[in-house]
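Student: Fold the following, please.
(3 chains)
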Amino acid sequence: MDSAQFHEAVYNVVRQIPQQHVTSYGHVAKLVGMPRHARHVGQALKFLMPGVQPPIPWHRVLAASGVISSRGPETDGAQRQREALEAEGVEVIDGRTGEMRVDLRRWGWFPPVGSIDTGVDAEAADNDGENHSQQEREDED
DNA sequence: ACTGTGACGTGCT
DNA sequence: AAGCACGCCACAG
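Tutor: Numbers count the residues shown, from 1 in each chain, chains lettered A, B, ... in the order given. Here you go, the predicted model:
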């Protein structure tokens, strides 16, 4: 999986986040098969944000803590994200230190890995370190 | 090759 | 809940 495929997978996953729901960078990373690449999901969104044809709901992705990441003191990205979320009915809470957060217990969308079509070959994903063999058994529980 | 950085995550105080 | 340390990975200097 190279960066182009990664970007495409991120695009396809983010596009499937339902309205009035949010997910985290880390979970998107897991869904596309690269669990340790949460930061790069943000990078991909930054790259994809401008003028993509079917506009993607980039505002539905935030940090695992539920906080809308501030892109820097001189930027308005976080504010725009907040407005986009509220526009579709998601409640955004103001913290004391000015941070904006969403209650993931209420608005969170975290589908199990494998249940989402990334449009990209998942086998080409991150298989370093702890790769379990092909025969995983998910038939427990 | 090394260092700093970032739309991040987890664990501990 | 909030802050901090540390891990993480690709990229720019």
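
Student: So which residues of chain A form helices?
Tutor: Assigned by DSSP state H, the helices in chain A fall at A:3-14, A:25-31, A:38-48, A:77-87, A:104-107.

Student: Which residues of chain A lie near DNA strand B?
Tutor: Contact residues, chain A versus DNA strand B (CB under 7 Å from any atom of the strand): A:24-27, A:38-43, A:45-46, A:49, A:58-59, A:61, A:63-65, A:69, A:71-72, A:77, A:81. C-beta coordinates here come from the backbone N, C-alpha and C atoms, glycine included.

Student: What sits closest to residue A:86 if chain neighbours are left out?
Tutor: residue A:92 (5.7 Å; CB to CB, 6 or more residues apart in numbering).

Student: Could you do residue A:44 as well?
Tutor: Spatially, and ignoring its direct neighbours in sequence, residue A:44 is nearest to residue A:10 (4.3 Å; CB to CB, 6+ apart).

Student: Check residue A:21 too.
Tutor: In space, and not counting its chain neighbours, residue A:21 is closest to residue A:109: 3.7 Å by CB to CB, 6+ apart.

Student: In chain A, which residue sits closest to DNA strand B?
Tutor: Relative to DNA strand B, the nearest point of chain A is residue A:42 (2.5 Å; CB to the nearest atom of the strand).

Student: what about that residue, distance to residue A:69?
Tutor: 7 Å (CB to CB, to the nearest Å).

Student: what about those two, which has more around it?
Tutor: residue A:42 (20 against 16; other CB atoms under 10 Å).

Student: need the contact list for the nearest residue to that one once chain neighbours are set aside.
Tutor: Leaving aside its chain neighbours, residue A:42 sits nearest to residue A:25 (5.4 Å; criterion: CB to CB, 6+ apart). The contact partners of residue A:25, by CB atoms under 8 Å, 6 or more residues apart in numbering, come to A:38, A:39, A:41, A:42, A:61, A:62, A:63, A:64.

Student: From the residues you listed, list the ones also adjacent to DNA strand C.
Tutor: Restricting the contacts of residue A:25 to those touching DNA strand C (CB under 7 Å from any atom of the strand) yields A:38, A:39.

Student: Noted, bye for now.
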